[in-house]
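Undergrad: requesting a structural model of the entry that follows:
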Amino acid sequence: MSLVTAVEVPRRPVSLLEPIVGGQRYQRLVEAADQVRRLLAGRTIWNVSSTATGGGVAEMLQVLVGYVNDLDIPIGWLVVTGDAEFFAITKRVHNQIHGDLAGGPLGPAAAHHYTRMLTANAAELLDRIQPGDVALLHDPQTAGLAEPLARAGAHVVWRCHIGVSWENDATRAGWSFLRPHLSSVEAYAFSRREYVPSWLADDNVSIIPPSIDPFSPKNQDLDAATVQAILAKLGVLDGAAPRVPASFVRRDGDMDTVSRPAVITGEARPGPEDPVLLQVSRWDRLKDMGGVMRAFADHVVPDGGGYLMLAGPAVAEVSDDPEGAAVYGECLLQWHGLPPAARARVLLITLPLDDIDENAAMVNALQRHATVIAQKSLAEGFGLTVSEGMWKGRPVIGSAVGGIIDQIADGTGILLPDPNDLAAFGRAVRLLLADRAEATQLGLAAHAYVREHYLGDIHLMRYARLLGSISFED
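TA: Coordinates of the predicted model:
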């Protein structure tokens, strides 16, 4: 049985970006692609991650690899695998880097298992990654590949999508676990400057925030009738059956329709005109779905209207997140314990992941239907669901943590200084659900801010600068 899987990503016409970003920005991207092509001189860029579905990293790679393919730059995407113990270890490292030391530091046995699993993956990767190629390794699950790939002659870049802007015993433990594996890395990329550990020198660190793709199934334009048709297929709306198909455009350009329902826990459904507060994320304790539910039940239901939808992936379909099922189960228990008035206005939604384009269209429709979008994370590497919601012209209420701080600028949404202040979150929700004019104004400004800062051309330009810092001399 093979440990490594190649992900086939169709070309995405990069020229589609020109009408959105403008001629000057588009021309800069084309010129940068020409420079990268000459620099690589036939070498291939290999992205290496631990999953092809679920989460922002996989979603971005589906888009960016497609654009780079269209720019005729050799690029591939390989997914490594591990056993349950490996993913339990990497989840603990993930939590530690976010400041959570539950379970204590990882010991020698965990370090040995992590190294052994990635050494086995590296042997298969080297059937594809040739000396001189670029290995772009994503997140803690791949850090242990750096040394064997570099020893074989690859140029290794480690891309870390997570972090916090402070240190404690947990973050030090997480970085201590990874640090021995990173000495062979030529260049590092982080989403925020504040996430760079103190022991890394600035001269080989790049700051590359993530981006959204306005043409992906998750972000493409959907008219109101299509949105309602998709939501009706999911089963999250009350009302008459729509008269249009639940259609969307796949990444390869083909038209298709949403055909699968969601799995929904809820006693009632909002009507098409009822205001909705939505949070979309993994079932991860750091996303604090349970906190959103408590805040809505305690501080919105008694004095305000609207429904809460908490939406995440089907928990059995995210292979690198062993905590997902447990967190979803905790949310189910919490929902059953809500007072009847609150329980009638809260929906827990799990979306199938076996078709990633269809899943993305589902999320798109949910975000476009929402009145207000929340991202009340306790810690966040970046939180791209914020930019996704902002792109759809929706005001976002987000915690002032991680990359959410960078995305919600003044006048584009509401930042909560303390994500644990449920009363403040509830006040913000009531304000925006009641004042549609204010919500609309924030949403328009939010869309413009994402266009300026978080589209794919900006993202690719930053990677081009990183590649320019690597010495490709034979």
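Undergrad: what residue spans form the domains of the chain?
TA: By the assignment in automatic domain parsing, the chain contains the domains 5-211+455-468, 224-453.
Undergrad: can you lay out those domains as a markdown table showing mean neighbour count and mean pLDDT?
TA: Backbone N, C-alpha and C define where each C-beta goes, glycine included. Shown next, in a markdown table, are the domains of the chain (neighbours: other Cβ atoms under 10 Å; pLDDT from 0 to 100):
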| stretch | mean neighbour count | mean pLDDT |
| --- | --- | --- |
| domain 5-211+455-468 | 18 | 95 |
| domain 224-453 | 20 | 93 |
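Undergrad: which one of these lies closest to K218?
TA: domain 224-453 (3.7 Å; Cβ to Cβ).
Undergrad: in a markdown table: the domains of the chain, plus distance to K218.
TA: Below are these laid out as a markdown table (distance: least, Cβ to Cβ, whole Å):
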| stretch | distance to K218 |
| --- | --- |
| domain 5-211+455-468 | 7 |
| domain 224-453 | 4 |
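Undergrad: these: which one's closest to P217?
TA: Of all the domains of the chain, domain 224-453 sits nearest to P217, with 3.9 Å by Cβ to Cβ.
Undergrad: span of the closest one from start to end?
TA: Taking Cα to Cα, to the nearest Å, domain 224-453 runs 27 Å from one end to the other.
Undergrad: the closest residue to S259 other than its chain neighbours: which element?
TA: Nearest non-adjacent residue to S259, counting by Cβ to Cβ, 6 or more residues apart in numbering: K233, 6.9 Å away. K233 is part of helix 224-234, with elements assigned from DSSP states H and E.
Undergrad: what does the very next helix or strand once past that helix contact?
TA: For helix 224-234, the following helix or strand on the C-terminal side (DSSP H and E) is strand 247-249. Applying Cβ atoms under 8 Å, 6 or more residues apart in numbering, the external contacts of strand 247-249 come out as 215, 217, 220, 222, 226, 229-230, 255-258, 357-358, 361, 364.
Undergrad: same check on stretch 147-155?
TA: Outside stretch 147-155, the residues that reach it (Cβ under 8 Å, 6+ apart) are 46, 118-119, 122-123, 125-126, 129-135, 137, 156, 181, 183-186, 470, 472.
Undergrad: let's go with 10 Å and repeat that
TA: Residues outside stretch 147-155 that contact it (Cβ atoms under 10 Å, 6 or more residues apart in numbering) are 40, 43-46, 48, 115, 118-119, 121-123, 125-126, 129-137, 142, 145-146, 156, 180-187, 467, 470-472.
Undergrad: measure it end to end?
TA: In stretch 147-155, first residue to last residue: 10 Å (Cα to Cα).
Undergrad: what do you get for stretch 268-278?
TA: Length of stretch 268-278, first residue to last, Cα to Cα: 16 Å.
Undergrad: what ranges do the strands span in the stretch 1-150 of the chain?
TA: Remark: strands assigned in the stretch 1-150 of the chain by DSSP state E, counting those that start in this stretch are 5-6, 45-49, 75-79, 134-138.
Undergrad: which helices and strands sit right next to the last one?
TA: Applying 3 or more Cβ pairs under 10 Å, 6 or more residues apart in numbering; DSSP states H and E, we find strand 134-138 packed against strand 45-49, helix 56-70, strand 75-79, helix 108-125, helix 146-151, strand 155-160, strand 187-190, helix 456-468.
Undergrad: mind running it again at 6 Å?
TA: Contacts defined by 3 or more Cβ pairs under 6 Å, 6 or more residues apart in numbering; DSSP states H and E place strand 134-138 against strand 45-49, strand 155-160.
Undergrad: next, the angle from that strand to helix 108-125.
TA: Here the directions of strand 134-138 and helix 108-125 differ by 140 degrees (axes from the mean of the first three to the mean of the last three Cα atoms, to 10 degrees).
Undergrad: quick one, strand 134-138 and helix 456-468 angle?
TA: 120 degrees.
Undergrad: can you dump the C-alpha coordinates of strand 134-138 into PDB?
TA: What follows is strand 134-138 as a C-alpha-only set of coordinates in PDB (Å, rounded to 0.1, in the frame of the first residue of the first chain):
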ATOM      1  CA  VAL A 134      11.600  22.600  -4.500                       C
ATOM      2  CA  ALA A 135       9.800  20.800  -1.700                       C
ATOM      3  CA  LEU A 136       7.200  23.100  -0.200                       C
ATOM      4  CA  LEU A 137       6.300  21.400   3.100                       C
ATOM      5  CA  HIS A 138       3.100  22.500   4.800                       C
END
